[in-house]
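*Asks:* I'll drop the sequence and a predicted model, then ask my questions.
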Amino acid sequence: MGLEKLVELEFECPCNPTWNGVFSSAFFIIPAVMAFTLMLIIQGCRCDTWCRKTVSLSSFVPAIVWLILLFLDGQYFACAMTDWEGRFVLVDKAAPQKWCEPISEGDVTPQELMLRSQQLFVFSQVIGIVLLIFICVGLVVYVIRESCQQEVEMQDADVAELTVLRMSSLRTRTS
């Protein structure tokens, strides 16, 4: 429920180079750690090797999904990387997108800063897509590996059963 409330919050970048990274990082780190910890608590089990491996790997999934969502949104990463002071405003000409509009004229024009901000949005979304591809490939590999391992275990069980049957039939013949 806490993660849901965080998602409902309207993100407001401070547009202050000193605080942008810290503020945005809190949105990345705190909910991801909360999701990971909650999954560990929910999946708690004995401390054998298999359980530790499975629980820890599956506990990372919600945290990684959270990070993917933030990267796909774009504004959190763009805010973190913004290195000029300004006001967090809605861009009129683009799809609903907010950016730090500079409050003072400097060496760089506002149009160049807006372009840089839009490039940060795109770069953030590319990071999100790459993470999503890695998760999908990882899940496919895991499912294939698990199904192949189960098939090998079933074949081993069949061979063991046949061996037992042969041994018992040999004992019957020799008796």
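*Replies:* Here it is on my side, so go on.
*Asks:* The spatially most central residue of the chain: which element?
*Replies:* By CA atoms, centre = their mean, the chain has its centre lying nearest to I64, at 1.7 Å. Per DSSP states H and E: I64 is located in helix 49-73.
*Asks:* Which pLDDT value belongs to the residue lying closest to L70 once chain neighbours are set aside?
*Replies:* Setting aside the residues directly before and after it, L70 is nearest to Y76 in space (CB to CB, 6 or more residues apart in numbering), at 4.8 Å. Every C-beta, even on glycine, is put in place using the N, C-alpha and C of the backbone. Turning to Y76, the model gives it a pLDDT of 93.
*Asks:* With L113 instead?
*Replies:* So, for L113, pLDDT stands at 91.
*Asks:* Then the one 5 residues further on?
*Replies:* The model reports Q118 with a pLDDT of 91.
*Asks:* so it touches Q97, yeah?
*Replies:* Yes. The criterion here is CB atoms under 8 Å, and Q118 meets it with Q97 at 7.4 Å.
*Asks:* what sits in contact with each of those two?
*Replies:* With contacts defined as CB atoms under 8 Å, 6 or more residues apart in numbering, no residue is shared by Q118 and Q97.
*Asks:* mind listing the strands for this protein?
*Replies:* 86-90, 98-102 (DSSP state E).
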